[in-house]
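# Here is a sequence together with a model predicted from it:
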Amino acid sequence: MLALFPINAWIAFPLLLISMLLASFLRSKKAKLLIIILMTSLLVAELISIYFSGGFIDYQFYVNLNINDIIEGLAIFKLQAVLAIFAFFAFLIVQFKLANILQEKLNILLRLVILVIAALSLNYRHGPVDKLIEIYQVISAPKTPFTESLEKLNITNYPTKAQIETLAGKNIIVISLESFEQGFLGFGDITPNLNQLTQKYTFYPNIPMATGSSWTTASMYTYMTGMPFLVGGTNTTPLSDITKTHLVSLGDVLHKGGYQTRYIIGSPTFAGIGHIISMFGIDVICEKNYPGEYPKAPFGLYDKDTFDIAKRQLSELSTSDKPFALFISTISTHAPNGFYDKRMEPIIGQKESDILFSAASLDYNLSQFIHYLEQQGILENTVFYIFPDHLMMGSGTQTIANLSQKERFLYLLTNAKSADIAENVQSTIYQIDLPRIILDGAKIKTNARFLTDYLDHNMDKKQFVIDHKSAIATINRSAGSAD
């Protein structure tokens, strides 16, 4: 079991020791069993978090700890779920027996000293205790008047939705690629087309993934609002009871400029992303808009069909004299194995693994879509933006091992001119910069402002988010409304 968790898996030993020692102080078998169950649950949860995100339980883990996400996760990570259940009961049995041995062989004082040492071993900077404290800092963030919450981050003169003015520029296409991080560009035989596109268009290779933007819904929320998805309150499905937000989003800016806006995703129920999109006033397009026309796929659509729908949507949008913004989310490269589309076999052939096959399929389908935009002349007045939503999750696979051989980054590929974006291609840009970049690259003029507009251009914005998690959580919580 621990072989699947090569990073930070040592946490199992102090947690197991703490669990057994705590149980050894109890005489009642029921009390022993209860404490062991609780501690084993925490241990397995930590190992699951390490497997998926490479780190200890954090806010990302917390907000995905709900029935919908758990069911979706079980549908994808079947083997991992079985291993987690096996580990839970194995740890349970071993601890119960060892707790009795410790109770018989070691005196109370020695057990107490070992317990304190084991507990202290978990308390260090960015360790498991710090991560649990960070969760508390986010969920305990209070709800205050929205303007007051902004002022805590020195955000002043923030134009409201009603005050926004927008002068339309070029059309926009935003493509968010599921888990398709920069490291895949190093697999030359898997991503030959994407590598060619990076040479042809403007490519920003240095985008670090940040707190509050490290899973699909959070990534989308960040590039739409410029604010990381850290939300105060104990709800593990944040904003599920919210119908609108006072935060200005790309949807608000584009609508003021007369833009048609649509978002294509396989299934709007995936990670609750459809609900968040609707908060921004953007129409959701999915497999339900084309009943029976595409093969059944995990979470609605294979990437091949997502791009086919995108072409059909562009044909409709182009017939209007209004500008448009089309947002697209792919899904087939989801960890751990991707979603295998047999229709791609004659085109790309066999690959070493299903995830690499899915990656090669996305590489091909994405390049064909960009070629379509070029051939149809759409790019004459349209700017596209392509970036991964987050890093590939998981541990213990050859693909993750290969991706981890160097520092892992996201990236941005666009046909917008770097002069319009006002960022050097070798400079570090951040996920919270994306809404500003998207608007500037499309030459859209607006008085709307985002978090990044209030920060120093050269600062480490990833660290800024870490340092101001509670204030950001207060803003997101205070912005929400059920009206």
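Structure's in. What do you need?
# ok, Asp241 touching Ala482?
Yes. Between Asp241 and Ala482 there is a contact at 6.0 Å, judged by Cβ atoms under 8 Å. For the C-beta atoms, the positions are set from N, CA and C on the backbone; glycine is no exception.
# The two: which is more packed in?
Asp241 (11 against 7; other Cβ atoms under 10 Å).
# Am I right that that one sits in a strand?
No. Looking at Asp241 with DSSP: H, G, I helix; E, B strand; the rest coil, it is coil, so not inside a strand.
# got the contact list for it?
Listed by Cβ atoms under 8 Å, 6 or more residues apart in numbering, the contact set of Asp241 reads 235, 482.
# Make residue 1 into 30 and carry on from there
Fine by me, first position is 30 from now on; the one you just mentioned is Asp270.
# Compute the distance between it and His304, please.
Distance of Asp270 to His304, given as Cβ to Cβ, to the nearest Å: 10 Å.
# Likewise for His419?
In this view, His419 and His304 are 19 Å apart by Cβ to Cβ.
# more crowded one of those two?
His419 (24 against 18).
# I'd assumed Ser248 was in contact with the more buried one.
Yes. Counting by Cβ under 8 Å, His419 touches Ser248, with 5.3 Å between them.
# so what sits against both of these two?
Shared contacts of His419 and Ser248, counting by Cβ under 8 Å, 6+ apart, come down to Ser242.
# Centre-most residue in the protein?
Geometric centre of the chain, nearest residue: Trp244, 1.3 Å, by Cα atoms, centre = their mean.
# got a list of what that residue touches?
With contacts defined as Cβ under 8 Å, 6+ apart, Trp244 is in contact with 89, 93, 300, 418-419.
# what does the domain assignment say about the protein?
Domain segmentation of the chain under automatic domain parsing yields 31-168, 175-510.
# Pipe these into CSV and attach mean pLDDT per row.
Shown next, in CSV, are these (pLDDT from 0 to 100):
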stretch, mean pLDDT
domain 31-168, 87
domain 175-510, 95
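# so of those domains, which one's packed in deepest?
Highest mean neighbour count among the domains of the chain (mean count of other Cβ atoms under 10 Å): domain 175-510, with a mean of 19.
# What are the neighbouring residues in contact with Leu67?
Contacts of Leu67 by Cβ under 8 Å, 6+ apart: none found.
# 10 Å - rerun?
Counting by Cβ atoms under 10 Å, 6 or more residues apart in numbering, Leu67 makes contact with 48, 51.
# what's the distance between it and Leu44?
Distance, Leu67 to Leu44, using Cβ to Cβ: 11 Å.
# ok, now Lys59?
For Lys59 relative to Leu44 (Cβ to Cβ), the value is 21 Å.
# For the nearest residue to Ile137 once chain neighbours are set aside, give me its contacts.
Excluding the flanking residues, the one nearest Ile137 by Cβ to Cβ, 6 or more residues apart in numbering is Phe54, at 7.3 Å. Phe54 makes contact with 60-61, 64, 128, 131-132, 137, 140-141, 144, according to Cβ under 10 Å, 6+ apart.
# quick one, phi psi at Phe54?
Main-chain torsions, Phe54, degrees, to the nearest 10: phi -80, psi -10.
# Noted, bye for now.
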